[in-house]
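Student: All I have is the shape, not the residue letters:
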Ligand code: RUB
């Protein structure tokens, strides 16, 4: 039986399904089933709108929907799913070449693509160590720490505020991305701080992202989440803000690992000017 749209939206909004790529993959699989049963009509359009709104900053799904809207074919969805999975494999190989034996890597939140690189380096026999930030308030960094340490990788889980404390111990920062825009890299809140701390300490800051993360939307959309994720007590004069993402300016980024190669910020800015989505 097909999972209901309501259930999928709940999983997306609660972060049971999280990370730009997974958000797109789960949504595409849902839409594929819907299209097979009901075609690309009104119900399909309504579902795409709701899914796109669930996590608006992550641009992969948005880009995929633009392609599907033009092609209106199940094969277009299949092609995108294949493309996303193939991209991760390419990214893992290309990114792993940046990791030397005995490297210490710092990462933030849970990025499937950044984890794929770290796992690949481990698989290639490199001895590595990973600092993973807890990632307040929803603690996706614990997912990263569990996933990598269960493979046997030495992971050190730290609170977000300990980035500066440990930065001297690391060789590189490797984080994922929700969107790559002209303004910079959009990723989990705290990424910008990590980038500044890295720069201050002359540590290279690498970003990972498949090319469906190129964000040519005019408006930068930063999702603001439920304040209750931070604190629940209601006090009249207490305001709680919970932005989920920030934008790291390009000047902090050393290289971006994409499925098409390890790129400079200038390469990405050039790609952003071209219109082709794939
Ligand atoms: C996840 C996050 C990830 C990017 C990239 O935020 O910021 O770094 O989405 O993930 P959230 P991936 O947990 O709020 O979705 O590499 O898996 O596409």
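Tutor: The structure has been received and is ready for your questions. Just so we're clear, the structure is a prediction, and the values are computed from it rather than from any experiment. Numbering: from 1, shown residues only.
Student: Look up which helix or strand the residue of the chain positioned farthest from its centre falls in, please.
Tutor: Most distant from the centre of the chain: residue 236, at 35.4 Å, with distances by C-alpha atoms, centre = their mean. When secondary structure is defined by DSSP states H and E, residue 236 falls outside every helix and strand.
Student: and it, what are its phi and psi?
Tutor: Backbone torsions for residue 236, taken as degrees, to the nearest 10, come to phi -50, psi -40.
Student: Give me the three-state assignment for residue 232.
Tutor: Under the three-state scheme (DSSP: H, G, I helix; E, B strand; the rest coil), the conformation of residue 232 reads as coil.
Student: Burial check on it, number of neighbours?
Tutor: A count of nearby residues for residue 232, using other C-beta atoms under 10 Å, gives 8. The C-beta positions use only the backbone N, C-alpha and C, and glycine is treated the same way.
Student: Tell me the confidence at residue 276?
Tutor: You'll see residue 276 listed with a pLDDT of 77.
Student: now it: how far from the ligand?
Tutor: Distance of residue 276 to the ligand, given as C-beta to the nearest ligand atom, to the nearest Å: 21 Å.
Student: One more: residue 54?
Tutor: The gap separating residue 54 from the ligand is 10 Å, by C-beta to the nearest ligand atom.
Student: repeat for residue 236
Tutor: Here residue 236 is placed at a distance of 30 Å from the ligand (C-beta to the nearest ligand atom).
Student: need the contact list for that residue.
Tutor: Residue 236 makes no contacts at all, as judged by C-beta atoms under 8 Å, 6 or more residues apart in numbering.
Student: same question, residue 102
Tutor: Contacts for residue 102 (C-beta under 8 Å, 6+ apart) come out as 126, 127, 128.
Student: Now it: phi and psi?
Tutor: The phi and psi values for residue 102, taken as degrees, to the nearest 10, are phi 70, psi 10.
Student: again with residue 188
Tutor: Dihedral pair for residue 188: phi -50, psi 140, per degrees, to the nearest 10.
Student: State the number of residues packed around it.
Tutor: Residue 188 sits with 28 neighbouring residues when counted by other C-beta under 10 Å.
Student: could you check whether the lengthiest helix in the chain is close to the ligand?
Tutor: Looking across the chain with DSSP state H, the single longest helix is helix 74-96. No: contact check for helix 74-96 against the ligand, using C-beta under 6 Å from any ligand atom: none in range, with a minimum separation of 8.2 Å.
Student: now that helix, how far from the centre of its chain.
Tutor: If you compare the mean C-alpha spot of helix 74-96 with that of the full chain, they lie 14 Å apart, counting by C-alpha atoms, centre = their mean, to the nearest Å.
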